[in-house]
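K.L.:
Below: sequence and its predicted model.
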Amino acid sequence: MRSFGYIDLLSFVHALQWTVLLVIVALAFGGPLALLLATTRTSRLAPLRWLAAGLIQLIQGVPLLGLLFFFYFGMPVFLGIEVPALVAVGIAYTLYTAGFLGDIWRGGIEAVKPAQWEAGACLGLTSWQQFRHIIGPQALRLSLPPTVGFLVQLIKGTSLASIVGFVELARAGQVVSAATFQPLLAYGIVAAIYFALCLPLTLWSRTLEARLNGAR
Amino acid sequence: MALVEIRDVRKSFGQVEVLKGVSLEVKEGEIVTIIGRSGSGKSTLLRCINALEKIDSGSITVEGQAVSAGMANLRQFRQRVGIVFQAFNLFPHLSVEKNITLAPLLTRKIGKAEARPLALDVLGRVGLADKIDAWPERLSGGQQQRVAIARCLAMAPHLMLFDEVTSALDPELVGEVLKVMEDMARQGMTMILVTHEMGFARNVANKIVFMHQGKVWEEGPPAELFANPKTPELRSFINSVK
């Protein structure tokens, strides 16, 4: 046993990088996938709609922990491939992000009046141009608050990756707490770091909302 | 040859047949007003001309080209046929200028440098040049509808369709929109309107089409039609809107 010191704070900072990396991976891959799911979920082709709806249902219906276990322990068993923890965990969070953001954005797209599509079509725009210039920007504004809300969930949700041994912030908290026998202090600092990460996002979302609303 | 030829068009929504064999001709430069009770199929007919609704049988040709929802050059066709809706349908996230120039820019009708002058030109024609930088929701209903008309004009259409464009407006705002439409009519634009504005129908239109139960019940020049309705249905309709 040792007492809590700078070395522990350093380990938090180090682990924080992995938390942030995980969020970036989840957004970088899950974001485009979510857009794809949102657009196919609102597609005119019924089979595409069903496929996207099924995927969203599946991802939302399985606990995040289940996704983590499946890709971390399952991939070597079922597919016979060993993958680095970051890859397995990254895939799980990517799908998690795609499933939830996809549904949030679907709601945003559907909340824009159908007459807006029609107005675009009547001016001779392609379906893509209608989405890109008319529906998308309005859907984005509508989806912004729940999107940031999910982002906060995602950041906090990365702590679950500690269960499969991925050393991110929460896992570093466990390690430090075990080494110093000061769980309250260790976890308190971890919690404060999560809070410091999420607060600016919430504030930023508020200013963004105000700005988007102001531009009308 | 007529600019618009509609031959025996039928259209059903589920079990309900809304258009029961409608035929109609509109010549270039003509102002045709479609009147009738709600549910008579007026708006549906208008939407069929722009291929917003798929017809079940019959044919519609505009400038000699057969119109259908699956036509090959539907988008080019729609650029030549403007439609204005009851609910304006302006893009709320875009300024008045961008509302007008979005489509001309995307469909490559104009270059970037020509965009603002074009917007000023068409806004001038609806008397709103000073609103070019405004946001749609800051405008009154009448102004929004005039911007919607300007947005259509920016595409330089050969034919304009108006679907009850004054029905959602406060009474004191109807006049300014009708005046814009009268100006367009004077400049020779071919127009088909569905409207409840009998004054406009009487004074501006060349032809009135009275629709009833999914059919063209009566048609003719306004003076004749209003003075001597041949059918009891038209007579009672005219009395009810007087």
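P.N.:
In hand now; what should we look at?

K.L.:
As a check, name the ranges of all helices in chain A.
P.N.:
Taking DSSP state H to define them, one finds helices in chain A at A:6-41, A:46-61, A:64-69, A:85-111, A:114-122, A:127-130, A:136-157, A:169-180, A:183-214.

K.L.:
Select from these the stretch with the lowest mean pLDDT.
P.N.:
Per-segment mean pLDDT for those reaches its minimum on helix A:183-214, at a mean of 87.

K.L.:
What distance do you get for the closest residue to residue A:4 other than its chain neighbours to chain B?
P.N.:
Leaving aside its chain neighbours, residue A:4 sits nearest to residue A:180 (4.7 Å; criterion: Cβ to Cβ, 6 or more residues apart in numbering or on different chains). For the C-beta atoms, the positions are set from N, CA and C on the backbone; glycine is no exception. Separation of residue A:180 from chain B (Cβ to the nearest Cβ, to the nearest Å) stands at 53 Å.

K.L.:
what about residue A:180, how many neighbours?
P.N.:
For residue A:180, the neighbour count with other Cβ atoms under 10 Å in any protein chain shown is 16.

K.L.:
Next up, the contacts around it.
P.N.:
Counting by Cβ atoms under 8 Å, 6 or more residues apart in numbering or on different chains, residue A:180 makes contact with A:1-4, A:8, A:186.

K.L.:
any weak-confidence spans in chain B?
P.N.:
B:242 (pLDDT under 70).

K.L.:
Tell me the residues on it that lie near chain A, please.
P.N.:
B:50, B:52, B:75-79, B:82-83, B:85, B:87, B:89-93, B:102-103, B:106-107, B:135, B:137-138, B:151-152, B:155 (Cβ under 8 Å from any Cβ of the partner chain).

K.L.:
For the residue most central in space within chain A, which non-adjacent residue is spatially closest?
P.N.:
Nearest to the mean C-alpha position of chain A, counting by Cα atoms, centre = their mean, stands residue A:97 at 3.8 Å. Leaving aside its chain neighbours, residue A:97 sits nearest to residue A:30 (2.8 Å; criterion: Cβ to Cβ, 6+ apart).

K.L.:
how far away is that neighbour from residue A:99?
P.N.:
Using Cβ to Cβ, to the nearest Å, residue A:30 is found at 8 Å from residue A:99.

K.L.:
Same check on residue A:120?
P.N.:
Taking Cβ to Cβ, one finds residue A:120 at 29 Å from residue A:99.

K.L.:
And the strands in chain B?
P.N.:
B:4-13, B:16-26, B:31-35, B:57-62, B:65-66, B:81-84, B:159-163, B:190-194, B:207-212, B:215-220 (DSSP state E).

K.L.:
Output those strands as JSON lines; include the columns mean neighbour count.
P.N.:
Below are these laid out as JSON lines (neighbours: other Cβ atoms under 10 Å in any protein chain shown):
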{"stretch": "strand B:4-13", "mean neighbour count": "17"}
{"stretch": "strand B:16-26", "mean neighbour count": "18"}
{"stretch": "strand B:31-35", "mean neighbour count": "25"}
{"stretch": "strand B:57-62", "mean neighbour count": "17"}
{"stretch": "strand B:65-66", "mean neighbour count": "12"}
{"stretch": "strand B:81-84", "mean neighbour count": "25"}
{"stretch": "strand B:159-163", "mean neighbour count": "23"}
{"stretch": "strand B:190-194", "mean neighbour count": "25"}
{"stretch": "strand B:207-212", "mean neighbour count": "23"}
{"stretch": "strand B:215-220", "mean neighbour count": "18"}
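
K.L.:
Reformat the ones you listed as JSON lines; add distance to residue A:166.
P.N.:
Below are the strands of chain B laid out as JSON lines (distance: least, Cβ to Cβ, whole Å):
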{"stretch": "strand B:4-13", "distance to residue A:166": "56"}
{"stretch": "strand B:16-26", "distance to residue A:166": "60"}
{"stretch": "strand B:31-35", "distance to residue A:166": "68"}
{"stretch": "strand B:57-62", "distance to residue A:166": "63"}
{"stretch": "strand B:65-66", "distance to residue A:166": "62"}
{"stretch": "strand B:81-84", "distance to residue A:166": "56"}
{"stretch": "strand B:159-163", "distance to residue A:166": "59"}
{"stretch": "strand B:190-194", "distance to residue A:166": "64"}
{"stretch": "strand B:207-212", "distance to residue A:166": "69"}
{"stretch": "strand B:215-220", "distance to residue A:166": "72"}
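
K.L.:
can I assume residue A:143 is in contact with residue A:102?
P.N.:
No: with contact defined as Cβ atoms under 8 Å, residue A:143 does not reach residue A:102; the gap is 10.9 Å.

K.L.:
More neighbours: which of these two?
P.N.:
residue A:102 (27 against 20).

K.L.:
separation between that one and residue A:111?
P.N.:
Computed as Cβ to Cβ, the residue A:102 to residue A:111 distance reads 15 Å.

K.L.:
now residue A:7
P.N.:
Residue A:7 is 50 Å from residue A:111, by Cβ to Cβ.

K.L.:
for residue B:230, same thing?
P.N.:
49 Å.

K.L.:
Could you do residue A:136 as well?
P.N.:
12 Å.

K.L.:
How about residue B:76: what's its closest non-neighbour residue?
P.N.:
Spatial nearest neighbour of residue B:76, excluding adjacent residues (Cβ to Cβ, 6+ apart): residue A:124 at 6.7 Å.

K.L.:
Could you tell me how many residues sit around the one you found?
P.N.:
Residue A:124: 22 neighbours (other Cβ under 10 Å).

K.L.:
Who are the contact partners of it?
P.N.:
Going by Cβ under 8 Å, 6+ apart, residue A:124 touches B:75-79, B:103, B:107, B:155.

K.L.:
Could you identify the most distant pair in those residues?
P.N.:
B:77 and B:103 (13.9 Å; Cβ to Cβ).

K.L.:
The two: which has the busier surroundings?
P.N.:
Per other Cβ under 10 Å, whichever of residue B:77 and residue B:103 has more neighbours is residue B:103, with 25 against 18.

K.L.:
any idea how far the more buried one lies from residue B:88?
P.N.:
Residue B:103 sits 15 Å away from residue B:88 when distances are taken as Cβ to Cβ.
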